[in-house]
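Undergrad: Here is my input, please return the structure:
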Amino acid sequence: MAPVATEAYSDTPKAAALSVAVGKPLQPPQFTSKEQERAWLKFRLAQAFRLFGKFGYDEGVAGHITVRDTIRTDCFWVNPFGKHFSLIQPEDLILVDHHGVVQAAESGPNTLLNKAAFMIHSAIHTARPDVHCAAHSHSVYGRAFSTLGKPLDMITQDSCAFYEDHAVYTQYGGVVLDEEEGQHIVKALGNKKAVILQNHGLLVATNSIEATLHFFVALEKSCQVQLLADAAAAGTGSQTKKVSEAECKLTYNVVGTHTAGWFSGLPHFQVLEAQEGVSFDFGATQ
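TA: Residues are numbered from 1 along each chain as shown. Sure thing, here's the model as predicted:
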């Protein structure tokens, strides 16, 4: 059977995103079957969790990343509640449908589901068929910046990745334990790739695991940079210099697309694989 390209990485504006490169760009992986694609997504999702653990994006049992299943598209894979990000392996992940029913036969041994994870991610995956991976955690700088209840200023090249592509949910509704609050978050997110949840943290949703991880890291760092820059400006009686709207648009088309996010996310996984000595075996029978 000839390899088929995965739908999870479909994106069109490659020319703009990769125009900074000379030569043939890397391409997303291809799969010989949906079963192989599922195995790859689980492998990659587990890696993303371990990277979150490495970056310190854990806060007790809070935080979750999900990826839409390639076979049962009304289901998504998520971390078991209570297992540290840095310990998660593909076989630990649990499969959940959009009604909150854990598919025990296909899930890991710990099938405890974080209710907040379900309420947020089921709403996103249902409302946004373009979203294949969504991530939320209580990272330090994102959490600190979220208390301001405002969007990022376009003060650096990196923050321009979120130009007109992030929102702010300005109503803290407590721990997300009911469907209504999940719907409020989805409404705030709209068709954008990220939302700053006031008094809560960050959420990023894109069409690939790599892009979601990259843009979460980029958003967290942009929050950190703005907190530092605003403090420095206040201390010196000055103001931060903003990027012009025209330059924001041009820069976004290079660094803010999903393809750019996918490409920019690859180095994180390359380093992890070099450190762990484990990579996905595309030749194995899935």
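Undergrad: so residue 195, which of the three states?
TA: Look at residue 195: counting by DSSP: H, G, I helix; E, B strand; the rest coil, its state is strand.
Undergrad: which ones are touching it?
TA: Taking C-beta atoms under 8 Å, 6 or more residues apart in numbering as the contact definition, residue 195 lies against 166, 167, 168, 169, 185, 188, 189, 202, 203. In short, each C-beta sits where N, CA and C put it, glycine included.
Undergrad: and if you look at residue 152?
TA: Applying C-beta under 8 Å, 6+ apart, the residues near residue 152 are 145, 159, 162, 166, 196, 219, 222, 223, 226.
Undergrad: would you list the contacts of residue 195 in CSV and tack on pLDDT, secondary structure and neighbour count?
TA: What follows is the contacts of residue 195, written out as CSV (pLDDT from 0 to 100; DSSP: H, G, I helix; E, B strand; the rest coil; neighbours: other C-beta atoms under 10 Å):
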residue, pLDDT, secondary structure, neighbour count
166, 98, strand, 23
167, 98, strand, 21
168, 97, strand, 17
169, 95, strand, 22
185, 92, helix, 23
188, 95, helix, 18
189, 97, helix, 25
202, 97, strand, 26
203, 97, strand, 29
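Undergrad: Walking through the chain, point out its helices one by one.
TA: Along the chain, counting by DSSP state H, helices occupy 14-18, 34-55, 115-127, 140-146, 179-189, 209-236, 245-255, 258-276.
Undergrad: Residue 87 is nearest to which of these?
TA: Minimum separation from residue 87 across the helices of the chain (C-beta to C-beta) falls at helix 34-55, 7.6 Å.
Undergrad: which residues touch the closest one?
TA: Counting by C-beta under 8 Å, 6+ apart, residues outside helix 34-55 touching it are 6, 8, 29, 31, 58, 63, 65, 67, 69-71, 77, 79, 84-90, 92-93, 133, 135, 137, 139, 209-210, 212-213, 217, 268-269, 272-273, 280, 282, 286.
Undergrad: Separate out the buried members of these.
TA: Listed as buried from the contacts of helix 34-55 are 6, 8, 29, 31, 58, 63, 65, 67, 69-70, 77, 79, 85, 88, 90, 92-93, 133, 135, 137, 139, 209-210, 212-213, 217, 268-269, 272, 280; burial here means 16 or more other C-beta atoms under 10 Å.
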